[in-house]
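Engineer: Okay, structure incoming, though there's no sequence with it:
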């Protein structure tokens, strides 16, 4: 791949995810191109390398100030959620919205939405990252509020009726993901789809922050 094409590919990836761990970003290019890709990340003025609080080598598009620790944690957890092996997900750009959900295109979508193309029809998801160690019951309550907010709009109601809308949480521990999903199973007659997944990178970021872990039951 030419240097220009490789730079464009790396830039598009960071426009979608904002921040990435360098080693994981390099895995998105062919093995033979990784040395050249690393050279581009190190030397091209479009990119900015930095170290997260957990010591991970990260990269973002060049900016005046480095992203905050919370922004880094949120972006890396979103990346882990979308790039997990269990589903085919990607954070949405405007072009993706036009492709997968054209009825929503004229309204646009803010950040935090993703598309899951694992099944026969695409599913629109809203991802929340558990940066503030929210209790399990509060996650349920907040998800219910988000669902009701979306259901007020006709286009979202159509997706909901077709089982093409879900709310997801990236949480820092496996036990918390199980707790959320168990609560969802107990309330199986709920009128919205909710899931939680463990994002190990999130725990790595949060444990490195001072006073990040209050005594919260259900973490």
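Structural biologist: Thanks, I have the structure now. From a predicted model like this one, the values you see are computed outputs, not experimental measurements. Residues are numbered from 1 along each chain as shown.
Engineer: Could you use CA atoms for every contact and neighbour count after this?
Structural biologist: Will do.
Engineer: name the helices or strands packed onto whichever helix or strand residue 48 is part of?
Structural biologist: For residue 48, the enclosing helix or strand under DSSP states H and E is strand 47-51. The elements that strand 47-51 packs onto, with contact taken as 3 or more CA pairs under 8 Å, 6 or more residues apart in numbering; DSSP states H and E, are helix 34-43, strand 57-61.
Engineer: Give the pairing partners of the last one; include direction for each.
Structural biologist: Pointing back at strand 57-61 there. With DSSP bridges as the test, strand 57-61 is paired with strand 19-21 (antiparallel), strand 47-51 (antiparallel).
Engineer: now the next helix or strand after the shortest one, how far from the chain's geometric center?
Structural biologist: Reading on from strand 19-21 to the C-terminus, the next helix or strand found by DSSP H and E is helix 22-26. Average the C-alpha atoms of helix 22-26, do the same for its chain, and the two points are 16 Å apart (CA atoms, centre = their mean, to the nearest Å).
Engineer: and the chain, what are its domains?
Structural biologist: Residue ranges of the domains in the chain are recorded as 3-67, 84-206, according to automatic domain parsing.
Engineer: would a markdown table of the ones you listed with mean neighbour count and distance to residue 75 be doable?
Structural biologist: Formatted as a markdown table, the entries for the domains of the chain read as follows, by neighbours: other CA atoms under 10 Å; distance: least, CA to CA, whole Å:
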| stretch | mean neighbour count | distance to residue 75 |
| --- | --- | --- |
| domain 3-67 | 15 | 6 |
| domain 84-206 | 17 | 9 |
